[in-house]
Every structure is written in structure tokens, then in C-alpha cells.
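[1] Any chance you can model this:
(chains A and B)
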Amino acid sequence: MEVAFNALPFLMEGLWVTVKVTAIVVAISLVVGVVMGVVLTYGSAWVRWPIRLYTDFIRGIPVLVLIFFAYYGLPAIGLNLDNFTAAVTALTAFKIAHVIETTRGAIQSIHQGQTEAGKAIGLPFWDRMIYIIFPQAVRRFLPPWINTVADAAKGSALVSLIGVVDLMLAMQKVIGRTFEPMPIYLLGAVIYFLINYSLSLSSRRLEKQFSYSLEK
Amino acid sequence: MSDPLVKISGLTKAFGDVEVLKGIDLEINTGQVVSLIGPSGSGKTTLLRCINYLVEYDDGSVLIDGQEIAHKDTGNGTRQPRSERELSAIRAQVGMVFQLFYLYPHLSAIENVTLGLTKVRKLPKAQAQSMAEAWLERVGLSDKMNNMPSELSGGQQQRVGIARAVAMEPKVLLLDEITSALDPELVGEVLAVVQSLAKEGMTMIVVTHEMTFARDVGNRVVFMDEGRVVADGLPSEVLDNPENERLRTFLSRLNPHLALEK
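    Numbers count the residues shown, from 1 in each chain, chains lettered A, B, ... in the order given. Just a heads-up that it's a prediction; the model follows:
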């Protein structure tokens, strides 16, 4: 256990990278994914099909392939990304596809009558979105989206494979020096668990906050 | 004679291959309460929903107080679709109450009413609040203002639906089978509200299956069948002395004993 304790500062540096990767991926994919999800739901066929193509294509590829492609493939077309940028780009592209789908599903789960009731009192499109559709859709959006966030936190471990020293690679480096895999992996597992457990706790709190029926 | 408040001309609508409206002409004047009746599939609900453009009609026109709802004249004879803002502004002058209420479930009863007042009519919050309170009181819900829709009975929800629509002070109110989703014992409380609005001169177009209601509240009955207006007149003319064969059949199905008397 002492090994793990001594390695802690180094592992914390790795953890910080993991948190950074996750935070950037989650933030960008949320904004871009929600906007594109709204477009996919309400846009004309001309803007819908490229988005449809994108989501179907991206979700059909293992995220590791995307990461390798961003790092080893893009230089072929003159785009040289450092490993951190390549990793974040690939993970973000992957998550955007999921957020688009989650957004579309959440919006479409709201009964058409809600839109009609909004139109009938004279609310234009974006007002209907902001005051009627989004406040209801957010309840359906949150649970799958929190899963996506947890996935992003765990999936970020893949960036270690192109040399980004995140928590995962930091652990492997320590093991390489100490030949003590058991305590290090145990500690790593506990850290990953704590991240995801706190995520699922906050998700439950968020869902309660956004509920509006009797149980409030 | 002033121009009609609602003027429908040559209106057609097809869903795929099915022609639902086959050329409707109808003029409704201020203060009229029109009961729109007809067998299911006759197109009456589609017609009602064309009036505020929830259904996008194919041909013809709907004028609300002289303004075409879906298009505007460009001056050179062609017409151009209205922008979202213009369309919304005209819709705000047409109230609608829905069969399944469609209250906003995330907002309390009073917030359901104030939303349109503050966001569409841009009234100050305090004024919207007091207007909404007045309307909810008027429909008998002064003790339920802060309840969520899920805490209200069907009849109460529908009365909020009515308050939400009339608080906008529309020129005309569209009622789409507003009692058919209610338990029988709750129908009366909703119809009483509509009756009192009629007495005050609110212009209404009412799609209904309640023949007694059509007779008592409506001062005009329009009977539709297979996408056309078949009969149009005073309730006594249309309902008591039906000249049209289809109308007679329709009425006798609703009221078998009347058919026997004939």
C-alpha cells in the first residue's frame, strides 16, 4: 500500500488530465450536440440528412479507431494534432453524435399537443422551445446524458494509448517502475469509481430538481 | 354590413391521397357562436385547425379580421408565406381549447395562463398575474391557482385551458371537442363556462358531439359531411327540420327515438 501512497502525487497529475479531457469533451459536445439535435428534429431535409449521416457513421465506429485516426490519420491530410488535442477531438466528435441522438429523443418524447398549445397562444418557434419544450425535455434528456458523461470519464482512459499521460497512463508508468500492479490498479479503480459514483449522485439530484409532478 | 371576422374561401386539404376538405366557404361574424357538427371523418376538426393554421391547408384562404393567416400579398398578385413572427402574431388573436387540454405540465395553473400574457402580449408581470387570477376565478378555480396540472381533475384542467385561451383576449375562440375526454359528471362544469362566455358575446366556433349544447349555446349550426358544408343555419332550422338526407341520418344515429317519430 505504501507504493500506492508514494505514487499518489504523480497519479493526481494524471487524474487532473483525465478530468480536463472529460470536462472539455462534455462541455463542447453538450453545446454542439444540443444545437444539432434541435436542427435534426425540426430542420429541413437538407440539413437533417448530413446530421443523420454523421451520427450513424460515428456511432458505428469504435471510439478507439477515432482516436487513432485523429492522431495517426489526420497528418496524412496535413493536420498535425498533438496527442492531447487529437484525443479530445476524437472523443468530442464521438460524444456529439450521442448528444444529438439524446436531444432528438428527448424532444420527440414531448407530446405534439404541447407544440400546438404553444402555437395556439402565439408563441414563435424559439419561445416555444425555451418556455415549453426544453423545460419538459430536460427530464428525459438528463438520465441518458449523465450516462454519456460517465462514459466519457471512463472512455477517456483510451487517450493513454496515444501517449496522453492521464490517470490510466500514470498508473502504468508507476507500475512499470515499481512492478506492483495490484495496489496501483486498486487505487486507480477506486478513483474511477469515485468519479462515476459522484456523477450518478449528482444526476439523481438533478433529476429531482427538474421534476414537476406530484413527488416534488 | 361589416366584414366577417373569419372568412374561409375555397379551402381544401388532403392528407396524402385522402381529401379531407373539398372546398369550404364559410363566413363568421363577430358575436356568432357556431356549432360545427358532423360524423367523424367529415373534416370538422381539420377545418377548425386550419383556422389557426395548426393544419397547413393546401388551397383557398382563411382571413382573420381581414388578414390572411398563412400568406401575405406581395402586391403584384402573388402570395408569399408569412414569417414565423407574423404567423404567431395572427395566431395570438385566435384562441384554441383542445380536446386533451394540453396544459403545460411543468407550469402551475396560473403560470399556464400568464405565459402567453407575458411572452406574447408582453404585459408586465403584475398585470398578467392579476388578469390570470381574474380569469381563473371566473372559471371557478380561485383555490387551485398554484396547483400543477397533474393535481387537477379533467374538468378543472379544461377550465384552465379555457382561461389560458380567453385571457389572451382573442377575437375568436376555437373549441375542439372540449368535453369528449371528460367523465360525464365533469362535462357540465366546462359547458357552463362556455355558456357564460357566449352570453358575453365571445365569438366561438365549437366542434362538438353534444347536440343539446349545440342547440342551447350555438346561434348557428354548420353540418359537415365528407369534406363539405352540407347544412348551415339557425339551430332550429338545421337540427329540428333537417332537409338534407345525410344530416337526417346523422341526427337519427345520435338520437334513435327521433328517427322513429319521423
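[2] Check the secondary structure at B:G75 for me.
    The three-state label for B:G75, taken from DSSP: H, G, I helix; E, B strand; the rest coil, comes out as coil.
[3] What about it, how many residues nearby?
    Other residues near B:G75 number 6, with proximity taken as other CB atoms under 10 Å in any protein chain shown. In this view, the C-beta of every residue, glycine as well, is placed from N, C-alpha and C.
[4] What residues does chain B have near chain A?
    Contact residues, chain B versus chain A (CB under 8 Å from any CB of the partner chain): B:52, B:54, B:84-85, B:87-96, B:98, B:100, B:102-106, B:115-116, B:119-120, B:148, B:150-151, B:164-165, B:168.
[5] so who does A:M36 touch?
    With contact set as CB atoms under 8 Å, 6 or more residues apart in numbering or on different chains, A:M36 has these partners: A:51, A:96, A:100, A:103.
[6] before we move on, back to that, can you go through the residues of chain B next to chain A and name the buried ones?
    B:52, B:54, B:87-88, B:90-96, B:98, B:100, B:102-106, B:115-116, B:119-120, B:148, B:164-165, B:168 (16 or more other CB atoms under 10 Å in any protein chain shown).
[7] Among the contacts of A:M36, which lie within helices?
    By the criterion of DSSP state H, membership of the contacts of A:M36 in helices covers A:51, A:96, A:100, A:103.
[8] Identify the residue spatially nearest to the closest residue to chain B within chain A, adjacent ones excluded.
    Using CB to the nearest CB, A:G122 is the residue of chain A that sits closest to chain B, at 2.8 Å. Closest residue in space to A:G122, ignoring its immediate chain neighbours: B:A92 at 2.8 Å, by CB to CB, 6 or more residues apart in numbering or on different chains.
[9] With B:P81 instead?
    B:H71 is the one closest to B:P81 (CB to CB, 6+ apart), at 5.9 Å.
[10] Check whether that neighbour really touches B:R79, as I assumed.
    Yes. Using CB atoms under 8 Å, B:H71 makes contact with B:R79 at a distance of 4.0 Å.
[11] Could I get the CA-only coordinates of stretch B:95-103 as CSV?
    Written as CSV, here are the backbone C-alpha positions of stretch B:95-103 (Å, rounded to 0.1, in the frame of the first residue of the first chain):
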residue,chain,number,x,y,z
GLY,B,95,-57.8,31.2,-29.1
MET,B,96,-58.0,27.5,-29.0
VAL,B,97,-59.1,24.9,-26.4
PHE,B,98,-58.1,21.3,-27.0
GLN,B,99,-59.9,18.0,-26.5
LEU,B,100,-57.0,16.7,-24.4
PHE,B,101,-56.4,20.1,-22.7
TYR,B,102,-52.6,20.2,-23.5
LEU,B,103,-51.8,22.2,-20.4
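[12] Quick check: mean pLDDT of it?
    Averaged over stretch B:95-103, pLDDT sits at 96.
[13] I'd say B:I24 and B:V6 touch.
    No. B:I24 lies out of contact with B:V6 (CB under 8 Å); the separation is 11.5 Å.
[14] circling back: and for the residue nearest to B:P81, the neighbour number?
    Neighbour tally, B:H71, other CB under 10 Å: 15.
[15] Need the per-residue pLDDT for it.
    89.
[16] same thing with the one 3 residues further on?
    Reading off the per-residue confidence, B:T74 sits at a pLDDT of 75.
[17] all helices of the stretch 51-200 of chain B, in order?
    B:84-91, B:109-119, B:125-138, B:154-166, B:184-199 (DSSP state H, counting those that start in this stretch).
[18] coming back round to it: want to throw the contacts of A:M36 into TSV with pLDDT and neighbour count?
    Formatted as TSV, these follow (pLDDT from 0 to 100; neighbours: other CB atoms under 10 Å in any protein chain shown):
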residue	pLDDT	neighbour count
A:I51	96	19
A:I96	96	25
A:I100	96	27
A:T103	96	26
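[19] neighbours of the closest residue to B:D73 other than its chain neighbours, just the number please.
    Sequence neighbours aside, B:R79 is the residue nearest to B:D73 in space, at 5.9 Å (criterion: CB to CB, 6+ apart). Around B:R79 there are 13 other residues, counting by other CB under 10 Å.
[20] Does B:R79 touch B:E68 like I think?
    Yes. Shown here, B:R79 and B:E68 form a contact pair, counting by CB under 8 Å, at 7.5 Å.
[21] Which residues are in contact with the nearest residue to A:I121 once chain neighbours are set aside?
    Leaving aside its chain neighbours, A:I121 sits nearest to B:G116 (3.7 Å; criterion: CB to CB, 6+ apart). Taking CB under 8 Å, 6+ apart, we find B:G116 in contact with A:121-123, B:92, B:164, B:167-168.
[22] and what of B:A92?
    A:121-122, B:116, B:120-121, B:168, B:170.
[23] how close does it sit to B:V20?
    26 Å (CB to CB, to the nearest Å).
[24] again with A:A97
    A:A97 is 39 Å from B:V20, where distance means CB to CB.
[25] same thing with B:G66?
    26 Å.
[26] What is the neighbour count of A:I77?
    By other CB under 10 Å, the residues close to A:I77 number 7.
[27] swap in the one 3 residues further on?
    Counted with other CB under 10 Å, the neighbours of A:N80 add up to 10.
[28] can you confirm it is in a strand?
    No. Going by three-state DSSP, the assignment for A:N80 is coil, not a strand.
[29] how far out from the middle of the chain is the lowest-mean-pLDDT helix or strand in chain A?
    Ranking every helix and strand in chain A by mean pLDDT, DSSP states H and E puts helix A:181-210 at the bottom, with a mean of 86. Mean-position distance between helix A:181-210 and its chain equals 15 Å (CA atoms, centre = their mean, to the nearest Å).
[30] That one vs chain B: in contact?
    No. Residues of helix A:181-210 contacting chain B under CB under 8 Å from any CB: none, with a closest distance of 8.7 Å.
[31] Name the residues of that helix that are buried.
    For helix A:181-210, by 16+ other CB under 10 Å, it's A:183-184, A:187-188, A:191-192, A:195-196, A:199, A:203, A:206, A:210.
[32] Over to stretch A:155-167?
    For stretch A:155-167, burial by neighbour count (16+ other CB under 10 Å) applies to A:155-160, A:162, A:164-167.
[33] What of stretch B:22-35?
    Neighbour-count burial for stretch B:22-35, counted by 16+ other CB under 10 Å, picks out B:24, B:26, B:28, B:32-35.
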